[in-house]
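J.: Sequence isn't available, so here's the structure alone:
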């Protein structure tokens, strides 16, 4: 289904910049929502991954679990055999696509052939007299939505103690490329308070993965829902 983005066209243009101009951004922004009833201590953070029937023999699942395990280890979680674990960690993940329409300016020259007035001449966008009035054309692009959900339950009782989801967008249809950013964003500052909604901005390292954030970077709360201007 195609979405028409009017008031947020500039924001999508920035996202699509990754696809159109390689290297124009060095950050990935993820939307995170967490529900928490966490009371565990560092000493009790033993866990094992649990799988649905569809995930039991999944190579994809086996690929994502170490990524999440690496992020859990930063918060004193230790992976152990399931019979010894206090917590069970379940994963859900999806990738979907949509078409996004972004209005882009087009400059028209009064001179139609190369010469002193063409493009960079006085009437060009960079000329000393400024550009002719711009027209706009609608450009449509395919954008992918990636999501990761992490659910932590007590093995003995089945009680849910932490449930967090992370979502981001990009131009590549493979979820694997986004998973390191989703996992790090979802577990950043663990445990979040119940009902937390925020944006996490992660820098991209030279290999294309999430780099350690600078000292002056931090996650910020998401804007109120009333501030969104999305029409479907």
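T.: Nice, I can see it. These figures come from a predicted structure and were not determined experimentally.
J.: Can you verify my assumption that residue 208 contacts residue 178?
T.: No. Between residue 208 and residue 178 there is no contact under C-beta atoms under 8 Å: 10.7 Å. For glycine as for every other residue, the C-beta is placed from the backbone atoms N, C-alpha and C.
J.: where exactly do the helices run in this protein?
T.: 9-20, 59-73, 175-187 (DSSP state H).
J.: orientation of the last one relative to helix 59-73 in degrees?
T.: Helix 175-187 and helix 59-73 are oriented at 30 degrees to each other (axes from the mean of the first three to the mean of the last three C-alpha atoms, to 10 degrees).
J.: Helix 175-187: which residues count as buried?
T.: 175, 177-187 (16 or more other C-beta atoms under 10 Å).
J.: which two from those end up farthest apart in space?
T.: 177 and 187 (18.4 Å; C-beta to C-beta).
J.: quick one on the thing from earlier: redo the helices of the chain as JSON lines? Include distance to residue 164 and mean pLDDT.
T.: What follows is the helices of the chain, written out as JSON lines (distance: least, C-beta to C-beta, whole Å; pLDDT from 0 to 100):
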{"stretch": "helix 9-20", "distance to residue 164": "23", "mean pLDDT": "42"}
{"stretch": "helix 59-73", "distance to residue 164": "11", "mean pLDDT": "98"}
{"stretch": "helix 175-187", "distance to residue 164": "5", "mean pLDDT": "97"}
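J.: Go through those helices and name the closest to residue 138.
T.: Here helix 9-20 is closest among those (C-beta to C-beta), at 9.5 Å.
J.: How far does stretch 152-161 stretch from one end to the other?
T.: By C-alpha to C-alpha, to the nearest Å, the extent of stretch 152-161 from end to end equals 6 Å.
J.: Contacts for it next, please.
T.: 36-40, 47-48, 50, 82, 85-90, 151, 162-163 (C-beta atoms under 8 Å, 6 or more residues apart in numbering).
J.: among these, which are in strands?
T.: 36, 47-48, 50, 87-90, 151, 162-163 (DSSP state E).
J.: Kindly indicate which of these lies nearest residue 192.
T.: residue 36 (6.0 Å).
J.: Would you confirm that that closest one contacts residue 192?
T.: Yes. The pair residue 36 and residue 192 qualifies as a contact (C-beta under 8 Å) at a distance of 6.0 Å.
J.: The two: which is more packed in?
T.: Neighbour count, other C-beta atoms under 10 Å: between residue 36 and residue 192, residue 192 has more, with 21 against 18.
J.: ok, now how distant is the more buried one from residue 180?
T.: According to C-beta to C-beta, to the nearest Å, residue 192 stands 19 Å off from residue 180.
J.: just residue 135 next, same as before
T.: Residue 135 is 41 Å from residue 180, by C-beta to C-beta.
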